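Chemist: what follows is a predicted protein model with its sequence.
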Number of protein chains: 2
Amino acid sequence: MTFSSAEIEAALRRVDVLRHATAAEVRALARLGLPRAVEEDGFFFFQDDPAEQVFILLQGRVKLCQITPEGQQVNLRTIAPYQVFGAVGAVRPDATYPACAQALEESVALVIPSADFQRILSANPALMFDLMTMMTDYIREMQDRYREMVTEQVEQRIARVVVRLAGQLGRRTPAGIELIFSRQDLAEMAGTTLYTVSRVLSGWEKRGLVLTGRERLVITQPHALMQVAEGSVPT
Amino acid sequence: MTFSSAEIEAALRRVDVLRHATAAEVRALARLGLPRAVEEDGFFFFQDDPAEQVFILLQGRVKLCQITPEGQQVNLRTIAPYQVFGAVGAVRPDATYPACAQALEESVALVIPSADFQRILSANPALMFDLMTMMTDYIREMQDRYREMVTEQVEQRIARVVVRLAGQLGRRTPAGIELIFSRQDLAEMAGTTLYTVSRVLSGWEKRGLVLTGRERLVITQPHALMQVAEGSVPT
DNA sequence: CCCAATCTTTGCGATGGCGCAAAGAGAAAT
DNA sequence: ATTTCTCTTTGCGCCATCGCAAAGATTGGG
């Protein structure tokens, strides 16, 4: 799939971080950016690469993850269309990416040179505040997830992951909210193993909270699942 | 202890986030800020309070922590003198603090109204970049700690906490690097229990890596401890 | 100087979650 | 339609860590 400059501009207007960007700034970004397509499991960038570009997802789903020296993978965040990622380069020219960005499905992102993005930022304080708002939101999310990891049991953590994903990426269907993720993906997000995720989902299915399938999960009782996420349901 | 305005200005010059602040800006901040002293275990602010002020620690040690509904405490970060905390208010006027700030010992912080801080920020893009740098550094640290929490065993996590603290707050003594923290404090930072911390420290003491005491830890073999933190030592 | 309060240590039993292994199920390719 | 590949399920044994309980150590106050 290719994108015309009109389509790119339209997409940029849906980006939260650019809420206060002027028409001229949006046009400039659209002109400076280059769409890049990446197939499933491909990477936009790797951890510790020099952060020379800022990315705005136009299409698809991308996960930000870290890989430990032992090869274990930890998911930090899932990016949906119209979200900015890899923005660290816009802040410090010499920075490296703290995580890698891997496509969960065929995806397209607008790639903007960090220096250009930084120049546009510098000229408009409102944009910088928007970017800082994004950062503080993310800090808050990371802190919450850290606390959850420390204090909560696996079932609750998996429930939180599922509820969070449902809000961001869920597709409404007659049967409920559908999510397309493998057990492995969910495990990496909840900080557990695919075995445990499988067991927990089986339990939920028996209790009628969800329907499961290969790389698929349909939440039929969202409210009940949220109670599990909040810990108000004895396991 | 009280602070003269000359002392406050001198302190502000040592603040990383204000590296690019002009003399006039430093003076303005010193004038707008009010030092507030808090005794041990007292709070500068609580989680979910409206973030009406930005804090700069002048003296002491402060922990940022979250408290779960069940009363369990999780430490997110320890603040050393000349560090900014509670800065979220400067970004969004309507924000609330995502954590509480509790003094680990008698501490003094300069308290600056968020709106004033924000006004000074807006006028100087270089300052905003410094603040964003602080945020991206913190995001990186949180991500690392999250990954460690997910993938590493307790002993390794405790070692990381101790090594990190040694760098930030350690005092050099003839015997080694001294840290003043209770087992409970360390447990909250490593995401474990005081019992486990106690057992691990005893083990290290037997191996000659550290000396322990009541609310005290002296690292006699920093290099060996760093190896434990890196996982290169079989437990 | 002693007592009370606080912090630390350690034995012991309990258990939540891990991870192998092998079988089952679904999707895609030939 | 059959094969092949990938993803999922589940039984089973294991063990790292938890958390109580009780004793020991250290500090500060009166």
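Modeler: Nice, thanks for sending it over.

Chemist: name the helix or strand for residue A:195, please.
Modeler: helix A:194-206 (DSSP states H and E).

Chemist: what comes up buried for that helix?
Modeler: Residues of helix A:194-206 classed as buried: A:196, A:197, A:200, A:201, A:204 (neighbour count, 16 or more other CB atoms under 10 Å in any protein chain shown). (Glycine included, C-beta is placed from N, CA and C.)

Chemist: just after that helix, pick out the following helix or strand.
Modeler: Of the helices and strands lying after helix A:194-206 in sequence (DSSP H and E), the nearest is strand A:210-213.

Chemist: is that next one anywhere near DNA strand D?
Modeler: Yes: part of strand A:210-213 sits near DNA strand D under the criterion CB under 7 Å from any atom of the strand, namely residue A:212.

Chemist: give the buried residues for that strand.
Modeler: Of the residues in strand A:210-213, those buried (16+ other CB under 10 Å) are A:210, A:211.

Chemist: looking at chain A, which helix or strand does the model trust least?
Modeler: One helix or strand of chain A scores below all others by mean pLDDT, DSSP states H and E: helix A:88-91, with a mean of 92.

Chemist: and that one, C-alpha only, in CSV?
Modeler: Output of helix A:88-91 as CSV, limited to C-alpha atoms (Å, rounded to 0.1, in the frame of the first residue of the first chain):
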residue,chain,number,x,y,z
VAL,A,88,13.8,9.9,21.8
GLY,A,89,16.0,11.0,18.9
ALA,A,90,14.1,14.3,18.6
VAL,A,91,15.2,15.1,22.1
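
Chemist: packing partners of that helix?
Modeler: The contact analysis (3 or more CB pairs under 8 Å, 6 or more residues apart in numbering or on different chains; DSSP states H and E) places helix A:88-91 against strand A:53-59, helix A:114-122, helix B:125-151.

Chemist: in the following helix or strand past the longest one, which residues are buried?
Modeler: By that I understand helix B:125-151. Going down the chain from helix B:125-151, the next helix or strand is helix B:154-169, by DSSP H and E. For helix B:154-169, a neighbour-count test (16+ other CB under 10 Å) marks B:154-166, B:169 as buried.

Chemist: now stretch A:181-189
Modeler: A:181, A:183, A:185, A:186, A:187, A:188, A:189.

Chemist: how about low-confidence regions in chain A?
Modeler: In the predicted model of chain A, residues A:1, A:235 satisfy pLDDT under 70.

Chemist: tell me the domain ranges of it?
Modeler: Listed domain ranges for chain A are A:5-124, A:150-229 (source: automatic domain parsing).

Chemist: those residues of chain A touching chain B, which are they?
Modeler: A:66, A:68-70, A:72, A:74, A:76, A:88, A:91-92, A:95, A:98-99, A:122, A:125, A:128-129, A:131-133, A:135-136, A:138-140, A:142-147, A:149-151, A:191, A:231 (CB under 8 Å from any CB of the partner chain).

Chemist: what parts of chain A come near DNA strand C?
Modeler: So chain A meets DNA strand C at A:153, A:154, A:155, A:191, A:192, A:193, A:195, A:196, A:213, A:214 (CB under 7 Å from any atom of the strand).

Chemist: could you tell me the phi and psi values at the first one?
Modeler: Going back to what we said before, that points to residue A:153. When read as degrees, to the nearest 10, the backbone of residue A:153 gives phi -80, psi 160.

Chemist: leaving out the residues flanking it, which one is nearest to residue A:22?
Modeler: Excluding the flanking residues, the one nearest residue A:22 by CB to CB, 6 or more residues apart in numbering or on different chains is residue A:124, at 7.3 Å.

Chemist: re earlier: are any of the residues of chain A next to chain B buried, and which?
Modeler: Buried members of these, scored by 16+ other CB under 10 Å, are A:66, A:74, A:76, A:88, A:91-92, A:95, A:98-99, A:125, A:128-129, A:131-133, A:135-136, A:138-140, A:142-143, A:145-147, A:149-151, A:191, A:231.

Chemist: dump the residue contacts of residue A:92.
Modeler: A:51, B:129, B:133, B:136 (CB atoms under 8 Å, 6 or more residues apart in numbering or on different chains).

Chemist: contact partners for residue A:213?
Modeler: Applying CB under 8 Å, 6+ apart to residue A:213 gives no contacts.

Chemist: beta partners for it?
Modeler: On the basis of DSSP bridges, residue A:213 is bridged to residue A:216.

Chemist: show me which residues of chain A are close to DNA strand D?
Modeler: Applying CB under 7 Å from any atom of the strand, we find that chain A lies next to DNA strand D at A:182-184, A:194-195, A:197-199, A:201-202, A:212, A:214-215.

Chemist: mind running it again at 10 Å?
Modeler: When proximity is defined as CB under 10 Å from any atom of the strand, chain A approaches DNA strand D at A:40-41, A:150-151, A:153, A:180-187, A:193-206, A:210-217.

Chemist: follow-up on the earlier one: which elements pack onto whatever helix or strand comes next after the least confident helix or strand of chain A?
Modeler: Elements were assigned by DSSP H and E; along the chain past helix A:88-91, the next helix or strand is strand A:100-103. Secondary-structure packing of strand A:100-103 (3+ CB pairs under 8 Å, 6+ apart): strand A:43-45, strand A:62-67.

Chemist: who's in contact with strand A:100-103?
Modeler: Strand A:100-103 is contacted by residues A:38-47, A:55, A:60-67, A:79, A:85-86 when judged by CB under 8 Å, 6+ apart.

Chemist: hmm, which of those are the buried ones?
Modeler: If you count burial by 16+ other CB under 10 Å, the buried members of those come out as A:38, A:44-45, A:55, A:60-67, A:79, A:85-86.

Chemist: and which of those is nearest residue A:21?
Modeler: Checking those against residue A:21 with CB to CB, the nearest one is residue A:55 at 16.4 Å.

Chemist: buried ones in stretch A:27-35?
Modeler: The neighbour-count check on stretch A:27-35 (16+ other CB under 10 Å) flags A:28, A:29, A:30, A:32, A:33, A:35 as buried.

Chemist: contacts only, for the first one.
Modeler: Each residue near residue A:28 by CB under 8 Å, 6+ apart is listed here: A:116, A:120.

Chemist: ok, it to residue A:35 distance?
Modeler: Between residue A:28 and residue A:35 the computed distance is 16 Å (CB to CB, to the nearest Å).

Chemist: now the least confident helix or strand of chain A, how far from the centre of its chain.
Modeler: 18 Å (CA atoms, centre = their mean, to the nearest Å).

Chemist: ditto for stretch A:165-179
Modeler: Offset of stretch A:165-179 from its chain centre (CA atoms, centre = their mean): 16 Å.

Chemist: residues in contact with it: which ones?
Modeler: The contact list for stretch A:165-179 (CB under 8 Å, 6+ apart) reads A:61, A:78, A:80, A:162, A:180-181, A:189, A:210-211, A:216-222.

Chemist: the same query, at a cut-off of 6 Å, please.
Modeler: With contacts defined as CB atoms under 6 Å, 6 or more residues apart in numbering or on different chains, stretch A:165-179 is touched by A:80, A:217, A:218, A:219, A:220.
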